[in-house]
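*Asks:* missing the sequence, but the structure's below:
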């Protein structure tokens, strides 16, 4: 394929060199003549392992060259990658002036170009940037329609500095946010030889994936440092602890807990977070990440409460009271707190949970319900249908399999508040409301 790469910085230079190495005819574009000259002389404008040799060979073989002429680059290629910077402004927002400028220049050229052209953004941008900046700018400057006269995709990069060439050829995933299938097919063909999952989605989801990745990586570094600080203070080797922690790929490094939904609860997580943060305070350690876990969890309980109360119904049916499906443990269940807040405000609440039956509970769970929440035990119903018949607002609080078809059982004047994603439905006002979707 004939490809132009706009912006010969870190991402652009690596992308241009590797695409040329793969056999594509690549034109790098940059307003800075010094970078253009470096590429044309077979030299790299960035310091990155392997890329110097790759660029030198690609230029020698005639597969890569550079120019500052946007018109020439767009007219001689079928696909353009935008790899310009999106720096922070003083208030933390992104400065998209370079993206906007490149889109204006590309748009002016494709306005007079007969052939279909695909524009692919690799720059990191917040959700909404494609819809509110990139596509309107391209359409206004070209006089053409995105998805009809030209294609637009976003293709976030997941490259680490120092290992960018390796990462480009061994990505954890390839994400394409597309405006239409035609441009997505063309872009996907570039990655056909890569052994990695290819995910094609809408542009806003693709934009958000990049931020989810980077903020998660930042959080992991901060988490490891705070655990390491505790270890240091009590005479342990933080590396030993985290090395063992990372051996667990079933729970610790896995998708298991990475599902947006309601707050965590139970007899372990809240208790252990409190204990560890108490220990840190006793050691005079300031650990803002660990200290924010319980407040963040409480915030999710607040959001769930607001979702229920904003529906405007006084009669509420709760499906699931234990902190997760398949257990009768009510200790620190966020559903218990939700129910207590609702009845405290005068809501008429009925609850169904197959696993929470006062006649069969024993030990700590029986003691908890009889001595700590006896007022809630009186709200329990023995069958789900009676709760569905009672509630105008129905709340699904845990992921029990028997709740999966509940949306289809509701009458037209009932609304479902879903705290666990019991269905694949998306939020619809007055019918279905998901807590994080």
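*Replies:* Received the coordinates, thanks. Since this is a predicted model, take the numbers as computed values, not measurements. Residues are numbered from 1 along each chain as shown.

*Asks:* alpha carbons only for contacts and neighbour counts from here, please
*Replies:* Will do.

*Asks:* which ones are touching residue 179?
*Replies:* Residue 179 makes contact with 146, 147, 151, 152, 153, 202, 203, according to C-alpha atoms under 8 Å, 6 or more residues apart in numbering.

*Asks:* hmm, try it at 10 Å
*Replies:* Each residue near residue 179 by C-alpha atoms under 10 Å, 6 or more residues apart in numbering is listed here: 130-131, 135, 146-148, 151-154, 201-203.

*Asks:* also residue 58?
*Replies:* Contact analysis of residue 58 by C-alpha under 10 Å, 6+ apart lists 16-26, 39, 42, 64-65.

*Asks:* would you agree it falls within a strand?
*Replies:* No: according to DSSP: H, G, I helix; E, B strand; the rest coil, residue 58 belongs to no strand; its state is helix.

*Asks:* for it, which non-adjacent residue is spatially closest?
*Replies:* Taking C-alpha to C-alpha, 6 or more residues apart in numbering, and ignoring the residues beside it in sequence, residue 58 has residue 64 as its nearest neighbour in space, at 5.4 Å.

*Asks:* likewise residue 399?
*Replies:* Counting by C-alpha to C-alpha, 6+ apart, the nearest residue to residue 399 once its immediate chain neighbours are dropped is residue 325, at 5.3 Å.

*Asks:* show me the contacts for that neighbour.
*Replies:* 353, 354, 355, 397, 398, 399, 400, 401.

*Asks:* buried subset of the contacts of residue 58, written for ChimeraX?
*Replies:* Isolation of the buried members of the contacts of residue 58 (16 or more other C-alpha atoms under 10 Å) is achieved in ChimeraX through the command below:
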select :16,17,18,19,20,21,24,25,26,39,42,64,65
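
*Asks:* where along the stretch 101-250 of the chain do the strands fall?
*Replies:* For the stretch 101-250 of the chain, strands defined by DSSP state E, counting those that start in this stretch occupy the ranges 118-121, 151-154, 174-178, 198-201.

*Asks:* contacts only, for the residue nearest to residue 58.
*Replies:* Residues near residue 64 by C-alpha under 10 Å, 6+ apart: 3-4, 16-21, 23-28, 39-40, 42, 55-58.

*Asks:* which residues in the stretch 101-250 of the chain form helices?
*Replies:* If you assign secondary structure with DSSP state H, counting those that start in this stretch, the helices in the stretch 101-250 of the chain sit at 129, 135-142, 164-169, 181-190, 203-233, 238-245.

*Asks:* just name the most buried of those.
*Replies:* Comparing those on average neighbours per residue, with mean count of other C-alpha atoms under 10 Å, the densest one is helix 135-142 at a mean of 20.

*Asks:* quick one: stretch 347-357 to chain centroid distance?
*Replies:* Here the centre of stretch 347-357 is set off from its chain's centre by 33 Å, with C-alpha atoms, centre = their mean, to the nearest Å.
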